[in-house]
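**Student:** based on what follows, work out the 3D shape:
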Amino acid sequence: MNASQPGMTVSFHGVRGSTPCHSTDTHHYGGNTSCVSVRTPDEVPVVFDLGTGVRYFGRQCNGTKQLRIICLLTHLHYDHTLGLPFFEPLLDRDTTLEIYAPKQPDGRTVKELFLEKIKPPMFPVPLEQFAARIVFHEIGDDDFTIGKYSVRSRYVPHVGPTLGFRLTYEGASVTYLSDHQQPQSGEFTISHGASELCEDVDLLIHDAQFTQAEFEHKRHWGHCTIDYARWLAAECNVGTLALFHHDPTHCDASIDRNEAHARSLVAAGGVEVLAAREGLRLELAPSRIAGGVGA
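**Tutor:** From the prediction side, this is the model:
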């Protein structure tokens with residue numbers, strides 16, 4: 001990316017779904033659950049989800065004074081929230097964490113649910129005793145701005161209220177659809193909300209948890225196949241597809257095979273495909289993406 005051209009740096013800190021995992025055969029892609037950060041030259045950092053990967057993002061923030069962080073939280077499942085009490089900036093009273101999360105149908109607020117989740121005996125320290133200021137925003141199908149960021153949130157099919165997000169900055173765009181239920185019938189169709197998030201986006205980070213064979217037994221689990229993710233990317237004219245939310249049973253070799261399979265399926269469609277891994281860093285500018293390593 002041209003250094004004079006503003007853009008976004010997208011970093012992957014956790015790429016697994018369902019539960020953290022660790023073994024010698026998951027070393028390359030990593031075993032932390034969902035967390036992706038976005039940084040720009042002149043705006044506050046944004047983090048998608050608060051899985052166990054957010055602990056590593058927090059290390060990058062250490063020493064930053066009067067830190068304000070925006071979290072775009074897709075839903076409240078454990079694998080997407082487990083990292084919050086281990087996020088080191090919360091120990092600093094100069095930190096403000098703003099969490100944008102989906103409204104709940106039972107009338108309870110997102111703040112109430114987090115206060116109930118992070119307290120004894122489930123966790124030794126109540127959330128309200130952390131030094132940082134935590135602000136909760138409840139959203140649904142919304143379009144709003146945060147500084148120079150344009151944010152679009154849309155409900156997408158999953159198990160329970162779940163949002164996908166599209167973030168645009170100076171013409172560069174990234175969509176985060178970590179958990180997305182493809183039609184259980186096996187048809188390849190897309191909801192209106194998901195289509196609005198994905199159409200013509202530069203980078204799509206998308207659920208790709210199952211192979212076709214696995215989906216046959218897990219159709220109702222709220223996720224999708226590698227084949228569906230690549231179809232959606234081609235259908236929506238996506239620039240680059242990052243396969244995400246890898247199943248915890250998938251070793252490095254199996255994810256390599258999934259990546260190769262997806263690339264073969266979109267070879268004629270012009271969509272770049274990669275399998276997300278911890279430490280991967282992508283530089284986004286309008287219509288241009290460059291890969292890198294390090295976190």
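**Student:** distance of the residue in the chain sticking out farthest from the centre from Pro20?
**Tutor:** When distances to the mean C-alpha position of the chain are computed (Cα atoms, centre = their mean), the maximum falls on Pro121, with 28.8 Å. Using Cβ to Cβ, to the nearest Å, Pro121 is found at 21 Å from Pro20. Where you see a C-beta, it was placed from the backbone N, CA and C, and this is true even at glycine.
**Student:** ok, back up a step: which residues sit in contact with the residue farthest from the centre of the chain?
**Tutor:** Contacts here follow Cβ atoms under 8 Å, 6 or more residues apart in numbering; on that basis Pro121 touches nothing.
**Student:** which element is it on?
**Tutor:** In this structure, Pro121 is located outside every helix and strand according to DSSP states H and E.
**Student:** distance of the residue nearest to Phe144 when sequence neighbours are not counted from Val38?
**Tutor:** Once flanking residues are discounted, Phe144 sits nearest to Val151: 5.4 Å by Cβ to Cβ, 6 or more residues apart in numbering. In this view, Val151 and Val38 are 11 Å apart by Cβ to Cβ.
**Student:** again, but for Pro45
**Tutor:** According to Cβ to Cβ, Pro45 and Val38 sit 7 Å apart.
**Student:** same deal with Leu113?
**Tutor:** Using Cβ to Cβ, Leu113 is found at 25 Å from Val38.
**Student:** who has more neighbours out of these two?
**Tutor:** Shown here are Leu113 and Val38; by other Cβ atoms under 10 Å, Val38 has more neighbours (24 against 16).
**Student:** confirm that the more buried one sits in a strand.
**Tutor:** Yes: under DSSP: H, G, I helix; E, B strand; the rest coil, Val38 falls within a strand.
**Student:** is it true that Ser195 touches Cys236?
**Tutor:** Yes: applying Cβ atoms under 8 Å, one finds Ser195 in contact with Cys236, separated by 6.5 Å.
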